[in-house]
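Predicted model follows, preceded by the sequence.
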Amino acid sequence: MEEKILNERVFKVISQLMNVPLEQVNEHSSPENIDQWDSLVHMNLILALEEDLKIKFTDEEIAEMIDVKLILKALRSKNMTST
Amino acid sequence: MNYSEIQNILNKADFRALPKLHISILRNVMIESMAPYIKFMSYEMGFEAKLQIGEYDNIVQESMGLKEGLLKNETDCVLIFMKLEGLSWKLARNFAAMEPKEIHEELQRIKEMIPNILAGIRKQTNSMVLWHSFELPLYPALGISDSQHSSGQTGIIQELNIFLHAALANYPDAYYVDLNLCLSRLGSKDFYDQRYWHIGRAPYSLDALREIAHEDFKFIRPLKGKNKKCLVLDCDNVLWGGVIGEEGLSGIKLGKTHPGSPYYEFQEEIVNLYHRGILIALCSKNNSEDVWEVFHKHPDMVLKEKHIVAAQINWEDKATNLKKIAAQLNIGLDSLVFADDSEFEVNLVRQALPEVTVIHLPKDKTVEYKEILASFGLFDTLTVSSEDRQRGSMYKAEAQRQQLQVQTPDLESYLKSLEMEVEIKFADDFTIPRVSQLTQKTNQFNLTTRRYSEAEIKKYAGSKDADVLFLRLLDKFGDSGIVGVSILKYKEEKAFLDTFLLSCRVLGRGIEDLFINQTLKLAKKKGCKVLIGEYLPTPKNVQTKDFLPKQGFNKKGNIFELNQALKTGPMFFKRIDSSVDGQD
């Protein structure tokens, strides 16, 4: 999958799960700047991303993926992007 | 639907007009991720869920009233998730190391706790209580010898479940939810999420939470009177394989062995529903005599006429027929479940009658029909009474007394939404085999039922005294291929409609009107002033009896004559590509 498309899918899931406008979600989004993003919502986010992208993260990967930047990094390391 | 899509629907939903459904959860595991499923299923049922989740591992305290507002008069339903790990880690995880005395003491402790929790809840609220059972171990503590005696880990947990079951039976509206059923349906690998069990004591996967919520709503739906009461079934390719009007009694698939067995077992499931008090009705585009012939004469029909409370077997659209059935039975449209194999019908009903629950039975999943129907769980009631068992016959009597008037739904906008594209062309070498096949096979919408070989079609197609038109249909669901044939023969400024047929799965979309129109246009272009049609009755083609008069043909003895222009009805097509139009 192209990196841009992948990023947009991640942003969309975040926007839907946290009920924030899509245009406010970007690579710098994190629990620091999205109020709704607490540890429970984070778990839902990981599970929803797995469902949406049909992948599974390990427990250790999950522990690292604490903001959008790190989520995208984890996806890249799982070869989810082609470029 | 994905988890995030469900959340998205909830974000946008307008709950203001909806009644509230107060659900409170007591738990000793993390279960928060279940919330969107509960809210969504409430919403589907027509309610706004007001969900409260008690503190982690506070079941006993909260049953005694620790958390204000959690359990109160307005509470509709209390869900209890008490996982054995949180109750007795030893019994759950260190069982092999336990002495019998210790096991006994742990059992006694839990057996005292359960009735106390229930009594405590009942002091605060009379709501429904749904207690999720203890899960059986996948790999019992004592290995294969565990199951050999009742004091193994599995036996002890079963004993606890039996105890829980009995304790719940002491209270009205307290029910045992068998979590092991949910677990078996999904399989343990899909049911448990070991990562989040370790990260945050959240044992269940999203799929598991969806399945559990689905199970819980089988209880909540009848609590609110929202369980479904009537199953309305299509016939061809649902009750049996094939089209009875085409293939005949001996040609349809139905029996105890493959390929008839999926239909046989599906019918058994339907009869099971009948015995649980569910009304069974038919809604099918057929000649009704054909359908009843199957009911009366086919040796492998499990479903009998006596099970059928209402039947609309005709060529009208199914939304109209479903309304008639609901009116006849004097139940709401929201009590109906409609099952059909045709994507067209399923979508028509979804769009015209959103209150009706629709089950699509895909043609490539015939072998799963029984499971698909069973998995919906829409008909569940909290008890099955002897009255339930007789309900079918009661309604049947009532229905016979009733007269009905039903409005036509907005068919037009539905037909437009199909984005139908029609091609009308002259038969050529590529299409002659299919055209010939259609004359051989089509029984129902066929004015003359003349059967032609490929050679004969080829002869007409090449002759200047005849024309062979075919009609091909595409819509947004795909390409239906060639579904209509019209053959004209010309003689002395008269055109004879030798053959006019359409596959019955495309009827009711304005296609028959378009096709006869184009046929007439062609006759005029050939210099004919009169179009002469015939209706040759067979046991199968009753539905076309009035087709020509309806189009404006005048009856003259055995034939029908048209010497004026055809009425042009409303058209619903996205594109019409006709060689008749192009041939000037």
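Looks like it came in fine.

Kindly report the residues of chain B close to chain A.
Residues of chain B lying near chain A by Cβ under 8 Å from any Cβ of the partner chain: B:2-5, B:7-8, B:11, B:30, B:32-33, B:36, B:193, B:195-196, B:198-200, B:202, B:205-206. C-beta here means a position set from N, CA and C on the backbone, and glycine is covered the same way.

next one: phi and psi at residue 51?
Just going to use chain A. Here the main-chain torsion angles of residue A:51 (degrees, to the nearest 10) amount to phi -70, psi -40.

Please refer instead to chain B.
For residue B:51, the backbone dihedrals (degrees, to the nearest 10) come out as phi -100, psi 130.

could you give me the average pLDDT of stretch B:306-320?
The average pLDDT for stretch B:306-320 rounds to 95.

Okay, now that stretch: how far is its last residue from its first?
One end of stretch B:306-320 sits 24 Å from the other (Cα to Cα, to the nearest Å).

what do you get for stretch B:60-69?
16 Å.

what residues does it touch?
Applying Cβ atoms under 8 Å, 6 or more residues apart in numbering or on different chains, the external contacts of stretch B:60-69 come out as B:26, B:52, B:54-55, B:58, B:70-71, B:113, B:116-118, B:120-121, B:123-124.

What residues sit buried inside it?
For stretch B:60-69, burial by neighbour count (16 or more other Cβ atoms under 10 Å in any protein chain shown) applies to B:60, B:62, B:63, B:64.

show me what contacts the nearest residue to residue B:332 once chain neighbours are set aside?
Leaving aside its sequence neighbours, residue B:332 sits nearest to residue B:326 (Cβ to Cβ, 6 or more residues apart in numbering or on different chains; 6.6 Å). Contact analysis of residue B:326 by Cβ under 8 Å, 6+ apart lists B:230, B:332, B:333, B:335, B:336.

the domain parsing of chain B - what is it?
Under the assignment automatic domain parsing, the domains of chain B span B:3-223, B:230-413, B:418-582.

so the residue nearest the centre of chain B is in which element?
With distances taken as Cα atoms, centre = their mean, residue B:359 lies nearest the centre of chain B, 1.1 Å away. If you go by DSSP states H and E, residue B:359 is part of strand B:357-360.

ditto for residue B:122
Taking DSSP H and E as the definition, one finds residue B:122 inside helix B:100-124.

Check which helices and strands that helix sits against.
Applying 3 or more Cβ pairs under 8 Å, 6 or more residues apart in numbering or on different chains; DSSP states H and E, one finds that helix B:100-124 contacts helix B:59-63, helix B:89-93, helix B:153-169.

contact partners of the longest one?
When you say that, I think you mean helix B:153-169. Against helix B:153-169 from outside (Cβ under 8 Å, 6+ apart): B:84, B:91, B:95-96, B:103, B:107, B:110-111, B:114-115, B:118, B:129, B:131, B:133-137, B:140-142, B:146-147, B:149-150, B:174-176.

Tell me the buried residues within these.
The neighbour count (16+ other Cβ under 10 Å) marks B:84, B:91, B:95, B:103, B:107, B:110, B:114-115, B:118, B:129, B:131, B:133-137, B:140-142, B:146, B:174-176 as buried among the contacts of helix B:153-169.

pLDDT wise, what is residue B:402 at?
pLDDT, residue B:402: 41.

looking at it, residue B:103 is touching residue B:142, isn't it?
No - with contact defined as Cβ atoms under 8 Å, residue B:103 does not reach residue B:142; the gap is 11.9 Å.

which residues of the chain score low on pLDDT?
I'll assume chain A. A:80-83 (pLDDT under 70).

wrong chain, I was asking about chain B
B:385-410, B:567-570, B:583-584.

For the longest strand along it, name the packing helices and strands.
Using DSSP state E to define each element, chain B has its longest strand at strand B:478-491. On a contact count with 3+ Cβ pairs under 8 Å, 6+ apart, strand B:478-491 meets helix B:432-441, strand B:466-475, strand B:494-502, helix B:511-525.

For it, buried residues please.
So, applying 16+ other Cβ under 10 Å, buried residues of strand B:478-491: B:480, B:482, B:483, B:484, B:485, B:486, B:487, B:488, B:489, B:490.

can you tell me how far the fifth one sits from chain A?
Using Cβ to the nearest Cβ, to the nearest Å, we find residue B:485 at a distance of 46 Å from chain A.

Now do the same contact list for that residue.
Going by Cβ under 8 Å, 6+ apart, residue B:485 touches B:427, B:435, B:438, B:439, B:442, B:468, B:469, B:470, B:471, B:499, B:500, B:501.

Sort out which one of the residues you listed lies nearest residue A:15 for me.
Distances from the contacts of residue B:485 to residue A:15 were compared by Cβ to Cβ; the smallest belongs to residue B:471, at 46.4 Å.

Spatially nearest residue to that closest one (excluding sequence neighbours)?
The nearest residue in space to residue B:471 (Cβ to Cβ, 6+ apart) is residue B:484, at 3.4 Å.

returning to what we had before: of the helices and strands packed on strand B:478-491, which is nearest residue B:306?
Closest of the helices and strands packed on strand B:478-491 to residue B:306 is helix B:432-441, at 33.3 Å (criterion: Cβ to Cβ).

can you pull the contacts of residue 51?
All of this is about chain A. Each residue near residue A:51 by Cβ under 8 Å, 6+ apart is listed here: B:2, B:3, B:4, B:206.

Can you look at chain B instead?
Counting by Cβ under 8 Å, 6+ apart, residue B:51 touches B:23, B:24, B:25, B:35, B:38, B:39.

that older thread, now the helices and strands packed on strand B:478-491 as JSON lines including distance to residue B:369 and mean neighbour count?
Output for the helices and strands packed on strand B:478-491, formatted as JSON lines (distance: least, Cβ to Cβ, whole Å; neighbours: other Cβ atoms under 10 Å in any protein chain shown):
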{"stretch": "helix B:432-441", "distance to residue B:369": "25", "mean neighbour count": "18"}
{"stretch": "strand B:466-475", "distance to residue B:369": "25", "mean neighbour count": "22"}
{"stretch": "strand B:494-502", "distance to residue B:369": "28", "mean neighbour count": "23"}
{"stretch": "helix B:511-525", "distance to residue B:369": "29", "mean neighbour count": "21"}
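
Output these in CSV, with distance to residue B:533 appended to each entry.
Listed next are the helices and strands packed on strand B:478-491 as CSV, based on distance: least, Cβ to Cβ, whole Å:
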stretch, distance to residue B:533
helix B:432-441, 16
strand B:466-475, 15
strand B:494-502, 4
helix B:511-525, 9
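
returning to what we had before: pretty sure the residue nearest to residue B:471 is in contact with residue B:506, am I right?
Yes - at 7.4 Å, residue B:484 counts as touching residue B:506 under the criterion of Cβ under 8 Å.

which residues do those two both contact?
With contacts taken as Cβ under 8 Å, 6+ apart, residue B:484 and residue B:506 have residue B:473 as neighbours in common.

can you pull the contacts of residue A:5?
Residue A:5 neighbours (Cβ under 8 Å, 6+ apart): none.

before we move on, back to that, pick the most deeply packed of the helices and strands packed on helix B:100-124.
helix B:59-63 (a mean of 20; mean count of other Cβ atoms under 10 Å in any protein chain shown).

For the helix or strand following that helix, which helices and strands make contact with it?
Going down the chain from helix B:59-63, the next helix or strand is strand B:77-81, by DSSP H and E. Secondary-structure packing of strand B:77-81 (3+ Cβ pairs under 8 Å, 6+ apart): strand B:20-27, strand B:128-132, helix B:206-223.

Output whatever helix or strand comes next after the longest one in PDB with nothing but the alpha carbons.
Of the helices and strands lying after helix B:206-223 in sequence (DSSP H and E), the nearest is strand B:230-233. Taking Å, rounded to 0.1, in the frame of the first residue of the first chain, the C-alpha atoms of strand B:230-233 are listed here in PDB:
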ATOM      1  CA  CYS B 230     -42.500 -13.500  11.600                       C
ATOM      2  CA  LEU B 231     -40.100 -15.000   9.100                       C
ATOM      3  CA  VAL B 232     -41.000 -14.300   5.500                       C
ATOM      4  CA  LEU B 233     -39.300 -16.500   2.900                       C
END
